[in-house]
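In: with the sequence up front, the predicted model follows.
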Amino acid sequence: MSVIAMPHRLSITLSETKSATTAPSLLAVDRALSDLRRGQIVAIDNANGLITLVLAAEGATKSTIQRLKDLSKGQPDLIITAARAHTLGLGIFKYKAVRAKMGKALRPDLIESLVNPLAEFSKNDFFDIPFEDIDLDSGESAAIGLTKLSRLLPAAITVNLPVDDFKSFISAENLMGVTNHDIFGYEEAAARSLRAVSDAQVPLADAPQTKMVAFRPADGGIEHIAIIIGEPNPNEPVLIRIHSECFTGDLVGSLRCDCGDQLRGAIKAIADHGSGILLYLAQEGRGIGLINKLRAYKLQDTGLDTFDANEQLGFDADERVYIPAAQMLDHLGVKQVRLMTNNPEKVKVLGTCHVDVVERVEHAFETNKHNEPYLFAKATKGGHYL
Ligand SMILES: Nc1nc2c(ncn2[C@@H]2O[C@H](COP(=O)(O)OP(=O)(O)OP(=O)(O)O)[C@@H](O)[C@H]2O)c(=O)[nH]1
Ligand SMILES: [Zn+2]
């Protein structure tokens, strides 16, 4: 470990190598995510003698479904979120995941129509399929968690089977294995393991005195960036912006949202103030990923608002977590912040992550005809300040 003396009063600790305390559970989840995205089956150990074999619903094919059947000698189910079930008109469910006992109807085309609101479907196709609630701590709930972490549509094809020796089973079948406990704890554990791994001066057009610090979790997963402008004094409230990644708005100037203006506006405002920090969090599309955000945009073009579109896809209206932001501020020695945001939820959630938000600083910009419906929905439904 080396402590880098910064030209300003903040100091950061850089990890020389990958942390020796790398949690094996993080690694297992990370590998499972990659297998899932490649259409592979993943095995979840539920620590109760039952394992859950999982295939992501998105991209499932006849042959991968057949492999799941062969491995389990059983009939897999389709698991969707309660949000998706609700938008399909299947009623209100108690927990967040719902089992569709599809039986012989478990075909890629019908799966697609159940999980993807952009696909054609007829309600007649599934009117006789039984749907039931799934316990929060089950392997199937963990399977939904894995698909969300994979930034795929939140739906999984699963089958449970009794297995005495999990390790031997996954090794014999050449499957990636992970526990449900690891999956449920992944986001928080990854955030807690964030370490500053690299930093450099990067003069910006509107803020020449800028340093960027890159943070990486112990499993080598998703990285976040702190943009430090000037010389913030950690003994006083620091002016900060916590900005969620928006490829379309930040990078290529999309007019559908206000992100680009907020990003550049924050940099300018911090530079004008003299010092502060912008945390650039890799949680594109309020945590659903770019591909799903584009799907949400397509749904919004049919008249849905930004929150309903997320729910049609099976996601929560906002899937973001702010533990990474709290962890980065902690590493930078920042205790009290003046937060530039119009989102009351950010202020509230940061408080629960032990960041003392002493002031909310308004951060609104001119609207345009393309982003007005989005900003209107955020204000009227999301409670954002205008
Ligand atoms: N799912 C989804 N995400 C969107 C949409 N429009 C923008 N986003 C994402 O929303 C996020 C906006 O992030 P922020 O600007 O940090 O947050 P905010 O909740 O608007 O709060 P502020 O601090 O007031 O800006 C980014 O990740 C964008 O990619 C949309 O229509 N659907
Ligand atoms: Zn945006």
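Out: Now that the structure is in, tell me what you want to look at. Ligands and ions are numbered 1, 2, ... in the order given.
In: how about the residues of the stretch 101-250 of the chain near ligand 2?
Out: Counting by CB under 5 Å from the ion, the stretch 101-250 of the chain comes close to ligand 2 at Cys246, Gly249. C-beta coordinates here come from the backbone N, C-alpha and C atoms, glycine included.
In: where does pLDDT dip in the stretch 101-250 of the chain?
Out: Within the stretch 101-250 of the chain, no range satisfies pLDDT under 70.
In: which residues in it form helices?
Out: In the stretch 101-250 of the chain, the segments counted as helices under DSSP state H, counting those that start in this stretch are 108-115, 139-149, 166-173, 180-192.
In: what's near enough to touch Ala191?
Out: Pro217, Val321, Ile323, Pro324, Ala326, Gln327 (CB atoms under 8 Å, 6 or more residues apart in numbering).
In: again with Ala271
Out: So Ala271 contacts Leu204, Asp206, Ala207, Gln209, Ile229, Gly230 (CB under 8 Å, 6+ apart).
In: quick one, phi/psi of the fourth one?
Out: Right, the one you point to is Gln209. In terms of degrees, to the nearest 10, the main-chain angles of Gln209 are phi -90, psi 70.
In: wait, it touches Ile227, no?
Out: No: Gln209 is beyond contact range of Ile227, at 11.3 Å (criterion: CB atoms under 8 Å).
In: these two - which one has more neighbours?
Out: Counted by other CB atoms under 10 Å, Gln209 and Ile227 do not tie: Ile227 has more neighbours, with 23 against 16.
In: how about the residues of the protein near ligand 1?
Out: Contacts of the chain with ligand 1, taken as CB under 6 Å from any ligand atom, map to 243-246, 257, 259, 262, 283-286, 288, 293, 296, 306, 310, 341-343, 346, 363, 374, 384.
In: and those residues, which of them are buried?
Out: 243-246, 257, 259, 262, 283-286, 288, 293, 296, 306, 310, 341-343, 346, 363, 374, 384 (16 or more other CB atoms under 10 Å).
In: so which of the residues you listed belong to helices?
Out: Cys259, Gln262, Glu284, Gly285, Arg286, Lys293, Ala296, Thr306, Asn310, Lys346, Tyr374 (DSSP state H).
In: so what's the fifth one up against?
Out: Each residue near Arg286 by CB under 8 Å, 6+ apart is listed here: Ser244, Lys293, Asn310, Ala317, Asp318, Glu319, Arg320.
In: for Ser25, state which of these is nearest.
Out: Nearest to Ser25 out of the contacts of Arg286 is Glu319 (CB to CB; 20.9 Å).
In: what's the closest one in contact with, if anything?
Out: The neighbours of Glu319, taking CB under 8 Å, 6+ apart as the test, are Lys148, Gln283, Arg286, Gly287, Ile288, Asn310.
In: pLDDT score for the fifth one?
Out: In other words, Ile288. Confidence at Ile288, expressed as pLDDT, is 98.
In: gap between it and Glu245?
Out: Ile288 sits 12 Å away from Glu245, going by CB to CB, to the nearest Å.
In: quick one on the thing from earlier: could you identify the most distant pair in the contacts of Ala191?
Out: Spatially, the most separated pair among these is Pro217 and Ala326, at 13.9 Å (CB to CB).
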